[in-house]
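1. Okay, predicted coordinates and the sequence, questions at the end:
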Amino acid sequence: MIEYSIKIKRAVRPFFRDRWVWQMALRDGKKNFGRLFLFVASLITGIAAVVAISSLNYSMQHELDRNAKELLGADLVIRSTRAFDSVVLKKLDTAQRVFARQAEMPSMVMFMNTRQSRLVKLTALQGEFPFYGAIVTQPGNAQTLMKSGRFAMLDEALARQYHISSEDSIKIGNTFFQVAGVVEKFPGGGALTATLAPAVYISMDALDSTRLIQYGSRVNYNLFIKTQSDSDTEAALKTIKPWRDEFGLGADTVEERKRELGEGFGSVYRFFSLLAFIALILGCIGVASSVHIYAREKRDEVAVLRCIGSSGWQAFNIYFIQIAVLGIAGSLAGAAVGVAIQQVVPIVFANYLPVELQFGISWRAAGEGIFLGALVSVLFSILPLVAVRFVPPLSVLRADFLAGRVFSKTRITAIVLILLFPVLAAAYQTKSMVIGVLFAVGLVVALLCLALVAALLLWLVRKYFPVNSRFTFRHALSNLFRPNNQTQVLLVSIGLGAFIVATLNIIQSSLLNQVEFKGNSNQSNTILFDIQPPQREGVLNLLTKYNLHANQVVPIITCRISELKGKPTDQYKRTDADSVRIPNWALTREYRVTYRDSLHSSEKLTKGNLQSYKKGARDSVQVTISEGMHETLKVGVGDSLVFDVQGVPVKAFISGIRKVDWPKDPPNFIFVFPTGVLNDAPQIWVVATKVDEPQQAILFQQELVFDYPNVSLIDLRLILSTVNELFSKVGLVIRFLAMFSIVTGLLVLAGAVLNSKFARMKENVLLRTLGARTRQITIITLIEYGYVGIFSALTGIFLAFASGWLLTKFFFEVEFAIDAIELWLISAGVVTLTVAIGWYNSREVIATPPLQVLRKES
Amino acid sequence: MPETVLQAEGLSKIYHSAERQLVVLDHVSFEVQQGTTSAIIGPSGSGKTTLLGLCAGLDIASRGTVSLMGFKLNAMNEDDRAYLRNQYIGFVFQNFQLLPTLTALENVMVPLELRGERQVGAKAKELLARVGLADRLNHYPSQLSGGEQQRVAIARAFINSPRILFADEPTGNLDDENAQQVTDLLFEMNRQENTTLVLVTHNLELAEKTQRILRMKGGKLIGG
């Protein structure tokens, strides 16, 4: 025998120059691209969600930049809670600056067409506001008309709600106004603002005629300034600086407004982008799952290739090229779908965005989406594909031959990168590493919890298997435990979608439950405020006339804190180290306090006690403070405060801390004084009552507005319906994004169904051979997917209970509540979708005649 | 003197399980000369397929050595052995093992393309014509009968002009008529190409067509 050298000289061709690998990828792919449809679909769904949200963000940022000045309507706005002092106005007045004024206050308005009334934000305007952008009205001359006299404009939604047209009139305070038109767009406003606080606009001159401004009226004054330049804006800001504290002035610049809106939208964007990101992660699971199954199916072919001389890397590269090409194609398609969705967003959510979005493509978002998709497809397919490298050629001879575990650097690297991916991608999405890490940890915990619940459910089913149930139910259940059925993966992926929707629902139910009024309770649902002392008896008589009981008749005194624990508040603001911890707003705000010697039904004393006022002892006034605020102000029982009550200093000590259930039976207060201290101070009164009948409410309001036009009425039921409406709208967006997750979960299901197709075909053939009819096989299939749907819904909802409870207890701090009917509906939806997808993909399996399968087998 | 292309010395294959070890092949030694035909026969579980796998470099022996054209297989890694198979070895399997996503022609071209060779279509077509499938070039395996698939596999096995051809029950999945056709073709092409043929079979009639029969029982070579 000739002795050859032991070492064989093997030519290794680089990946890009290995023609055979590319050729094989194409040849094999031609027959297989269809089988990777689910891989592509998972990718498209995930990328579409991310691109849609990211594209919306970029468009929004672009529009915020473009329309920055229109958001404010001026270069500078100076705000005050009292009328501007002439000294300030004189200082600001230069020849180059143009001014406009605005006064805003809550007020009742009566619509004379129906004589219905409601609380609105009354906005009085003076001057050529806005300097940038425009108040869009219908008809176009409404603003000019409004300025000319006793004319009013209404927010469009308000006018629609009360069927107001230009011929109608409304009564504000003591004055009747003819409706000049409706406001479609107001600088910096939006439908969301209009929903929460609908506005009525009148001229500043007309405001005086209403006689609404009295003692205790809460009026916000705005001075809009058009400056010559940015440096002029800076100069104006400097001018008011010395008076800021003295006159309680605030200021808003274009940059600040842009930043505030940007931040506000940024928070919403971060939340939505995380929801989209969940869809992407599910897409990744879909990608990994489809590639795993694809690689497993390719095992035999790889073994043949290995037999005829392909290296492990060459075999890997064939499928890697296919996945990468399809990944790029899927990413392109996903980005296109995302961009298309983004085009619809401005139409659907136009009213809830601070600026009007233009139609356009965000190439940056699309580019990022394509990159992300390509990355995901490569990263999440490497791990399952690496197995191809280690397919032993011997499995050609022995199909059941299993190679031992092989250490692979590629596998370890892929695992590390996959673990890092959610952290880095979430950090990039939210532009915050902390949020990224927290989100990734949260997601992993959520997935682990879902997997745990799913495993527990399956374990319970196995342990308490209904051996005596009917054959179809029993057989369908045992199908869940078919080898390679991926039942647990399915429960996790479909369950995740159900989890998001159910958690949202639980939070919504809990929050609404908090503000809902129980029919049989005597809790107040109507609050009358701004009642002047001489009007008090009259208003109470009016209540009696309508058989309404005054649950609370409460005096309110406005004051500020001037000293805290023996030190002027100014010192805390400027020098004290505590300033870091005591927020400025808590030191400078106006407090509305009351006096009484007992606890209200919504209160509980948690520390200290209630102490009555000892007549004459002005230096031993004992007040109670609400829990939470004592932490904000860093005060405890025994600490002293000095209140500035309309210029009169009142020294007080904290005698107790009250836990206040704020939404229960309002009004509730931060500070409560003992009776006797503030009785003679300037005050207004608030009356709380409960109105049950809508008709009774209308008539009462009519008479109240006519007799006491300055008295405002808050209908808490109206707030409830507003909150509900708001939730429905925000919920719509969240559900829309959660749908991406559900769709991706269902794609994973479809993948699993298709991939277990042949195993199920064989089972069905056996059943047919033993005499099963098509109907029975169909029923078994439907029941099997029914089980998958039920267990997925249970998995998601169980976890939603836990997360909902945690969120309501620790984040929203409200009572945990569920709406059982809605949760049933969510479960039913998940089950229906699962059964539909399962059945749709099983039609071939159900319909295949036994002989065909036997032929395939042979 | 004919050249030795395959030399097995003290080959053993042992599988370890938790409690015991299973000796599938026990100290098997033999040589195969260039251009000869050999059959490995024996009852099920006697170790003949394991022996074929070891000889073809599809698996590694627990003990002993295999030299194929002088290359010590035990000293090579899997990718080197794959390269060796591509250069010198052909395979025919009982269940044909064609790549289902490739046409008959593409299946036959694969081994040469793997080498990086171009313009291999003509040679593949010629081989397919020789096995009587000139009109089935673009058919996929699922569109071919069992006999036709095995003929494609034979064409594929010969396209790289192997020095040695391993066949595992090449007629095991075929009816008598097809089995006869495939057998004739295999031996005829083997003769024409001067290839060394080593086949594993239960079929004594097929085994008797070879020049030498190696009998296996209980993992041991008991004759030949």
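-> Noted; the coordinates are in hand.
2. In chain B, where's the longest helix?
-> In chain B, taking DSSP state H as the definition, the longest helix is helix B:176-193.
3. so what does it touch, helix or strand wise?
-> Where contact means 3 or more Cβ pairs under 8 Å, 6 or more residues apart in numbering or on different chains; DSSP states H and E, helix B:176-193 is packed against helix B:146-159, strand B:196-201. Every residue, glycine included, has its C-beta placed from N, CA and C.
4. hmm, who's touching that helix?
-> B:37, B:92, B:130-131, B:145-147, B:150-151, B:154, B:158, B:161-162, B:165, B:167, B:170-171, B:174, B:195, B:197, B:206, B:209 (Cβ atoms under 8 Å, 6 or more residues apart in numbering or on different chains).
5. returning to that earlier point: now the helices and strands packed on helix B:176-193 in JSON lines, with mean pLDDT, mean neighbour count and distance to chain A?
-> What follows is these, written out as JSON lines (pLDDT from 0 to 100; neighbours: other Cβ atoms under 10 Å in any protein chain shown; distance: least, Cβ to the nearest Cβ, whole Å):
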{"stretch": "helix B:146-159", "mean pLDDT": "94", "mean neighbour count": "25", "distance to chain A": "7"}
{"stretch": "strand B:196-201", "mean pLDDT": "94", "mean neighbour count": "26", "distance to chain A": "9"}
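6. any idea which helix or strand carries B:Cys102?
-> You called it Cys, but residue B:102 is Leu. For B:Leu102, there is no helix or strand it lies in under DSSP states H and E.
7. Quick check, pLDDT for the residue nearest to it when sequence neighbours are not counted.
-> In space, and not counting its chain neighbours, B:Leu102 is closest to A:Arg27: 5.5 Å by Cβ to Cβ, 6 or more residues apart in numbering or on different chains. A:Arg27 is assigned a predicted lDDT (pLDDT) of 88.
8. Who are the contact partners of A:Arg27?
-> B:Thr101, B:Leu102, B:Glu106.
9. Tell me the spacing between the closest residue in space to the last one that isn't next to it in sequence and A:Glu301.
-> I take that to be B:Glu106. Among residues not flanking B:Glu106 along the chain, A:Arg27 sits closest, at 5.7 Å (Cβ to Cβ, 6+ apart). Using Cβ to Cβ, to the nearest Å, one gets 11 Å for the distance from A:Arg27 to A:Glu301.
10. Now do the shared contacts for the two.
-> With Cβ under 8 Å, 6+ apart as the test, A:Arg27 and A:Glu301 both reach B:Thr101.
11. Who are the contact partners of the closest residue to chain A within chain B?
-> Nearest residue of chain B to chain A, counting by Cβ to the nearest Cβ: B:Asn86, 2.2 Å away. Neighbouring residues of B:Asn86 by Cβ under 8 Å, 6+ apart: A:Ile308, A:Gly309, A:Ser310, B:Pro111, B:Leu114, B:Arg115, B:Asn160.
12. In ChimeraX, select just the buried ones from those residues.
-> Selection of the buried residues among these in ChimeraX, burial being defined by 16 or more other Cβ atoms under 10 Å in any protein chain shown:
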select /A:308,309,310 /B:111,114,160
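13. Pull the most distant pair out of the contacts of B:Asn86.
-> A:Ser310 and B:Asn160 (12.7 Å; Cβ to Cβ).
14. Strands of the stretch 251-400 of chain A, start to end?
-> Remark: no strands are assigned in the stretch 251-400 of chain A by DSSP state E, counting those that start in this stretch.
15. where along it do the helices fall?
-> A:254-297, A:299-307, A:312-349, A:363-389 (DSSP state H, counting those that start in this stretch).
16. How far away from the center of its chain is stretch A:596-616?
-> Chain-centre distance of stretch A:596-616: 39 Å, with Cα atoms, centre = their mean, to the nearest Å.
17. Give me the contacts around it.
-> With Cβ under 8 Å, 6+ apart as the test, stretch A:596-616 has contacts from A:552, A:554, A:620-622, A:624, A:627, A:636-637, A:654-662, A:664-666, A:668, A:672-677.
18. Can you pull the phi/psi pair for the spatially closest residue to B:Pro43 that is not a sequence neighbour?
-> Nearest residue to B:Pro43, sequence neighbours excluded (Cβ to Cβ, 6+ apart): B:Lys217, at 6.8 Å. Backbone dihedrals for B:Lys217, given as degrees, to the nearest 10, come out at phi -160, psi 130.
19. Please, which helix or strand holds the residue lying closest to A:Asp85 once chain neighbours are set aside?
-> Leaving aside its sequence neighbours, A:Asp85 sits nearest to A:Phe247 (Cβ to Cβ, 6+ apart; 5.7 Å). Using DSSP H and E, A:Phe247 is not contained in any helix or strand.
20. Can you give me the end-to-end span of stretch A:292-306?
-> 19 Å (Cα to Cα, to the nearest Å).
21. can you give me the helices for chain B?
-> Using DSSP H, helices in chain B cover B:48-55, B:78-88, B:104-114, B:121-130, B:146-159, B:176-193, B:204-207.
22. contact partners of the third one?
-> If I follow you right, that is helix B:104-114. Helix B:104-114 is contacted from outside by A:19-20, A:23-24, A:27, A:305, A:308-310, A:314, B:86, B:98-99, B:102, B:120-121, B:123-125, B:127-128, B:133, B:136-141, B:144, B:148, B:152-153, B:155-156, B:159-160, using Cβ under 8 Å, 6+ apart.
23. Could you do stretch A:384-403 as well?
-> A:288, A:291-292, A:294-296, A:298-300, A:302-304, A:306-307, A:312-313, A:315-316, A:319-320, A:323, A:406, A:408, A:410-411, A:414, B:49, B:52-53, B:58-59, B:78, B:82, B:85, B:91, B:93, B:97, B:168.
24. List the buried residues in that stretch.
-> So stretch A:384-403, judged by 16+ other Cβ under 10 Å, has buried residues A:384-397, A:401.
25. Just give me the least confident of those residues.
-> Lowest pLDDT of the buried residues of stretch A:384-403: A:Phe401, 64.
26. Who are the contact partners of the residue positioned nearest the centre of chain B?
-> Computing the C-alpha centroid of chain B and ranking residues by Cα atoms, centre = their mean puts B:Phe166 first, at 1.8 Å. The contact partners of B:Phe166, taken as Cβ under 8 Å, 6+ apart, are B:Leu52, B:Cys55, B:Ala56, B:Ile89, B:Gly90, B:Phe91, B:Val92, B:Val198, B:Leu199, B:Val200.
27. Dump these to TSV, plus distance to A:Lys171.
-> Compiled in TSV, the contacts of B:Phe166 are given as follows (distance: Cβ to Cβ, whole Å):
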residue	distance to A:Lys171
B:Leu52	102
B:Cys55	105
B:Ala56	100
B:Ile89	101
B:Gly90	101
B:Phe91	98
B:Val92	100
B:Val198	107
B:Leu199	106
B:Val200	104
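28. thinking again about what came up before, what about the contacts of stretch A:596-616, which are in strands?
-> Among the contacts of stretch A:596-616, DSSP state E puts A:552, A:554, A:621-622, A:624, A:654-660, A:672-673 in strands.
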